[in-house]
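Enquirer: Need a 3D model of the sequence below.
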Amino acid sequence: MSLHFTRASFGRLARRVSLMFLVAMFVVSGAGTAQSQRDNKTQTQSGLSNVQRMDIMRSKLEALKRSLDSAVAAMPAQDPKDKTKADEGRERLRGLGKEVNSVLSEVNDLHAKEDRSDKYDASKLDGLETSVTDLNTRVEGALQATAGARKAGSEQATTTSQAKPEKSGRRLLGLLPGKKNDKYAELTGGVAPGRDRTLFLEATREVRKGNHETGRLLFTTIITTYPDSPYLPIAKLAIADSFYLEGGTSSLIQAGQAYQAWLTYFPTDPLADAAMLKVAETEMRQMGLPTREITHARKAEQRLKVLLQQYPQTKLRPEVEERLRQVQDNLAEHSYSVGLFYRDRYNGKHGGLKGAQDRFKEVIEKYPNFCRRDEVLYNLAWTFTVEEEPDEAAKYYQELVRDFPNSQLVDKAKDQLNIIGAAIPEPDPIKKSLPPCEKPGFMSNMMQEITGSANITTSNSGILITRHGEGTDLIDKAIQNNGQISDNDIRVFQTPKYDAKPSTPGKPNLTPQPKPNATPSDPTPSRPRSTQSPTPQP
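Expert: Model (predicted):
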């Protein structure tokens, strides 16, 4: 049997081979996409990227390692003839130290693969996070259990040091290190009456200097070594403040977790409402532009609503409501921008009118105080005009004319009402006296796009420790009162104050300091402003 290939049959064969090749490529790319989606799902289950999760685990493990090293160094000298509980405690601490080093090594390996863009199993992060949480609990228990032994070791070390004082370390030509002389080795390692206060003072100084890791180590020593200390609740809160003051994505995430953990231990404390506000502000400080990402905005909104529900009589209510309004303005801006996208698709003959209408309705129903509500009303009415539903369109045009008499869209809305044949309502006299929502200029918009941050007002100070309040902070009151904070001190704290420095000597400036992404010329916090988009002609 002979095969005869003609030009036509050869062309058909070539087309079939090409089709099979395209199908094979589609299957391979589909499998890769599915794998990528699984990886992304693993990455976003906790709301954090894999790098952020590894950074947080690394920070926690390094803190545990430092605490264990200090505790082991403070244990009394081992006697090979006498197997006492001190030896058992030392071995327990060393065993935990080995486990911490092992988990830290795994985290560092995965982090290195992430930095090199190598493939790795992202599901391992879940197991590592569980291990870190378990280790944290076990280390805290071991440090508390060995506090007595470390006290004995501290007394022994004190006697030895008195008999033979150690020479201070010097540096050769100021370059090479001399003999090791850790400033806080004795404080963190030993146990002695009244040392918790010394630790608290030194930790506060270190945090104010910007040495946040050192400060947290000292605060943690109070928690793990002096469980009956009156400074313990304040030390836990100060750790959260140190993360908040440090800033950065990883630190803000840990600050939110630390504030939440403090609320778990002390839910009825007079500062509980302030701690819950800080949890919300950790999310607000991570918010991006409303046109890009709104995960943190949704979390902040949820936190603020829960705060108002759990503490309806809080004296922070005006501040909380202002934060909530700003967050909701960003959420409304997001939904409105999506609606404009669908509107433009419809104008480009690609459909999308229903999607635009749904988004505009969502803004009207969920965010009644949105700064650009007049624009949303006009665009929503326009969608009903296009659908030839004049009654629905007239309802929203009339609301615009009545409630936003100073809007630039009032004349267009009146023209549409005349075309429809609907009545034109009288403007609200109260709202007529209100100034219209301010819109930023070109430079403000450009700077906001460059920074990529939301236009919101938050405090960069903690609850106990502020940026420029040394001597007047709540933590200073706690030091004066042996770890206690009076209700009067808390009332003073809850009086609205900001991070701005006094404008003139002797006169405090109560004007809030705007964030770098806010408009510099604004003296007071106001609604988040955005550029007015062009309105389509019905």
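Enquirer: Point out where the protein drops to low pLDDT.
Expert: Applying pLDDT under 70 to the chain picks out residues 1-47, 74, 77-86, 148, 150-182, 189-190, 436, 439-441, 445, 492-538.
Enquirer: what ranges do the strands span in the stretch 101-250 of the chain?
Expert: Here the stretch 101-250 of the chain has no strands by DSSP state E, counting those that start in this stretch.
Enquirer: and if you look at the chain?
Expert: Assigned by DSSP state E, the chain shows no strands.
Enquirer: Where does the record place the domain boundaries for it?
Expert: Following automatic domain parsing, one finds the domains of the chain at 50-78+87-152, 332-432.
Enquirer: Could you find the closest non-adjacent residue to V51?
Expert: Among residues not flanking V51 along the chain, E114 sits closest, at 5.8 Å (Cβ to Cβ, 6 or more residues apart in numbering). C-beta coordinates here come from the backbone N, C-alpha and C atoms, glycine included.
Enquirer: Wait, the one you found touches M54, no?
Expert: Yes: E114 lies in contact with M54 (Cβ atoms under 8 Å); the separation is 6.9 Å.
Enquirer: Looking only at neighbour counts, state which of these two leads.
Expert: M54 (22 against 15; other Cβ atoms under 10 Å).
Enquirer: That one: what's it in contact with?
Expert: 107, 110-111, 114, 125 (Cβ atoms under 8 Å, 6 or more residues apart in numbering).
Enquirer: Among those residues, which ones are in helices?
Expert: 107, 110-111, 114, 125 (DSSP state H).
Enquirer: In PyMOL, select just the buried ones from these.
Expert: Command for PyMOL that selects the buried part of the ones in helices among the contacts of M54, burial taken from 16 or more other Cβ atoms under 10 Å:
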select buried, resi 107+110+111+125
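Enquirer: So A332 sits against E375, correct?
Expert: No: applying Cβ under 8 Å, one finds A332 not in contact with E375, separated by 10.9 Å.
Enquirer: ok so, going back, quick one, what contacts the residue nearest to V51?
Expert: 50-51, 54, 120 are the contacts of E114 under Cβ under 8 Å, 6+ apart.
Enquirer: at 10 Å what do you get?
Expert: When contacts are counted by Cβ atoms under 10 Å, 6 or more residues apart in numbering, E114 is found next to 49-51, 54, 120, 122.
Enquirer: which among those residues end up buried?
Expert: Applying 16+ other Cβ under 10 Å to the contacts of E114, the neighbour count classes 50, 54, 120, 122 as buried.
Enquirer: Now flag whichever of those residues is closest to K65.
Expert: Using Cβ to Cβ, M54 comes nearest to K65 of the buried ones among the contacts of E114, at 15.9 Å.
Enquirer: which ones are touching P425?
Expert: P425 touches 397-403, 405, 414, 417, counting by Cβ under 10 Å, 6+ apart.
Enquirer: separation between R90 and Y378?
Expert: 74 Å (Cβ to Cβ, to the nearest Å).
Enquirer: what ranges do the helices span in the stretch 301-450 of the chain?
Expert: For the stretch 301-450 of the chain, the helices defined by DSSP state H, counting those that start in this stretch cover 317-347, 353-366, 373-386, 390-403, 410-420, 429-432, 442-451.
Enquirer: Now tell me what touches the shortest one from outside.
Expert: Counting contacts by Cβ under 10 Å, 6+ apart, the residues outside helix 429-432 that touch it are 402-406, 426.
Enquirer: Tabulate those residues (CSV), appending neighbour count.
Expert: Shown next, in CSV, are those (neighbours: other Cβ atoms under 10 Å):
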residue, neighbour count
R402, 16
D403, 17
F404, 24
P405, 19
N406, 14
E426, 10
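Enquirer: Which two among those residues are spaced furthest apart?
Expert: Spatial extent of the contacts of helix 429-432 (Cβ to Cβ) is set by the pair N406 and E426 at 14.3 Å.
Enquirer: what residues are up against the residue lying closest to A356 once chain neighbours are set aside?
Expert: Of all residues not flanking A356 in the chain, Y342 sits nearest, at 3.7 Å (Cβ to Cβ, 6+ apart). When contacts are counted by Cβ under 10 Å, 6+ apart, Y342 touches 350-360, 383.
Enquirer: now D391
Expert: Contacts of D391 (Cβ under 10 Å, 6+ apart): 384, 420, 422.
Enquirer: count of neighbours near the residue nearest to the last one when sequence neighbours are not counted?
Expert: Yep, that's A422 we're talking about. In space, and not counting its chain neighbours, A422 is closest to A394: 3.8 Å by Cβ to Cβ, 6+ apart. Neighbour count of A394, defined by other Cβ under 10 Å: 22.
Enquirer: cool, the one 4 residues further on as well?
Expert: Q398: 20 surrounding residues under other Cβ under 10 Å.
Enquirer: Does it touch V410 like I think?
Expert: No: using Cβ atoms under 10 Å, Q398 makes no contact with V410, being 11.1 Å away.
Enquirer: any idea how far P230 is from the residue nearest to A356?
Expert: 59 Å.
Enquirer: re the thing from before, buried ones from the contacts of Y342, can you make that a ChimeraX selection?
Expert: When burial is assessed using 16+ other Cβ under 10 Å, the buried subset of the contacts of Y342 is captured in ChimeraX by this command:
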select :352,353,355,356,357,359,360,383
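Enquirer: mind checking how far L218 is from L199?
Expert: Going from L218 to L199 by Cβ to Cβ gives 5 Å.
Enquirer: Then D411?
Expert: 69 Å.
Enquirer: about what we covered before: spell out which residues sit in contact with the residue nearest to A422, please.
Expert: Taking Cβ under 10 Å, 6+ apart, we find A394 in contact with 381, 384-385, 413, 416-417, 419-424.
Enquirer: Narrow the residues you listed to those that are buried.
Expert: Buried members of these, counted by 16+ other Cβ under 10 Å: 381, 384-385, 413, 416-417, 420, 422.
Enquirer: which neighbours do A332 and E375 share?
Expert: Joint contacts of A332 and E375 (Cβ under 10 Å, 6+ apart) are V363.
Enquirer: about what we covered before: closest one of the ones in helices among the contacts of M54 to G194?
Expert: V107 (37.8 Å).
Enquirer: tell me the contacts of the closest one?
Expert: Applying Cβ under 10 Å, 6+ apart, the residues contacting V107 are 53-58, 60-62, 124-125, 128-129, 131-132.
Enquirer: Which single one of those residues is nearest to L324?
Expert: Nearest to L324 among these is I56, at 27.2 Å by Cβ to Cβ.
Enquirer: Tell me which residues touch that closest one, please.
Expert: Counting by Cβ under 10 Å, 6+ apart, I56 has contacts 46, 48, 107, 129, 132, 249-251, 253-254, 257.
Enquirer: Let's see that with 8 Å instead.
Expert: 48, 250, 253-254.
Enquirer: among these, who's most crowded?
Expert: In terms of neighbours by other Cβ under 10 Å, these top out with Q254 at 24 neighbours.
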